[in-house]
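Chemist: Next come a sequence and a model predicted from it.
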Amino acid sequence: EVQLVESGGGLVQPGGSLRLSCAASGFTFSSYAMSWVRQAPGKGLEWVSAIDSGGGSTSYADSVKGRFTISRDNAKNTLYLQMTSLKPEDTAVYYCYVRIGYADYWGKGTLVTVSS
């Protein structure tokens, strides 16, 4: 059974930093690209960042480019999102995501609140 468990969210002041983690199990983590997606209160899903299976290629939404860094540790089956210079508009539930074949898998998310 594919499982994705996010952690690391919380309340942070504007300009602060957080590191999110996503522990993956139930599939060969090192074989799949992974993504982070977020959903702000009252809004739709927004793709944030993606990383290829080996970690050598990354991409970011314009809204987070230069502030967020995606990475992975295939030995630990863990995906990360380092977030810096956080803004109130980054407030959202953050989900990690993987597509395996024709199936999409999501974790339950971790809430990030950026507020003074």
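Modeler: Perfect, I can see it now. Numbering: from 1, shown residues only.
Chemist: Can you name the residues bridging to the most centrally placed residue in the chain?
Modeler: The chain has residue 36 as the residue nearest its centroid, 3.2 Å off, counting by CA atoms, centre = their mean. For residue 36, the beta-bridge assignment (DSSP bridges) gives partners residue 49, residue 96.
Chemist: And residue 78, by the same measure?
Modeler: residue 23, residue 73.
Chemist: That one against residue 21, yeah?
Modeler: Yes: using CB atoms under 8 Å, residue 78 is in contact with residue 21, at 5.7 Å. Where you see a C-beta, it was placed from the backbone N, CA and C, and this is true even at glycine.
Chemist: For the chain, which segments count as strands?
Modeler: For the chain, the strands defined by DSSP state E cover 3-7, 10-12, 18-25, 34-39, 45-51, 58-60, 68-73, 78-83, 92-100, 103-106, 110-114.
Chemist: and the nearest residue to residue 100 once chain neighbours are set aside, how many residues sit next to it?
Modeler: Leaving aside its sequence neighbours, residue 100 sits nearest to residue 27 (CB to CB, 6 or more residues apart in numbering; 5.9 Å). Residue 27: 16 surrounding residues under other CB atoms under 10 Å.
Chemist: Residue 27 contacts residue 99, correct?
Modeler: No: the pair residue 27 and residue 99 does not pass the contact test of CB under 8 Å, sitting 10.9 Å apart.
Chemist: Per-residue pLDDT of the closest residue to residue 113 other than its chain neighbours, please?
Modeler: Sequence neighbours aside, residue 11 is the residue nearest to residue 113 in space, at 4.7 Å (criterion: CB to CB, 6+ apart). Each residue has a pLDDT score; the one for residue 11 is 97.
Chemist: And the one 10 residues further on, by the same measure?
Modeler: Here the pLDDT value assigned to residue 21 is 98.
Chemist: Next: residue 105.
Modeler: So, for residue 105, pLDDT stands at 97.
Chemist: Can we start the residue count at 42 from this point?
Modeler: With 42 as the first residue, the last one maps to residue 146.
Chemist: Contact partners for the residue nearest to it when sequence neighbours are not counted?
Modeler: Using CB to CB, 6+ apart and skipping residues adjacent in sequence, the residue nearest residue 146 is residue 43, 4.6 Å away. The contact partners of residue 43, by CB atoms under 8 Å, 6 or more residues apart in numbering, come to 65, 66, 67, 68, 139, 141, 144, 146.
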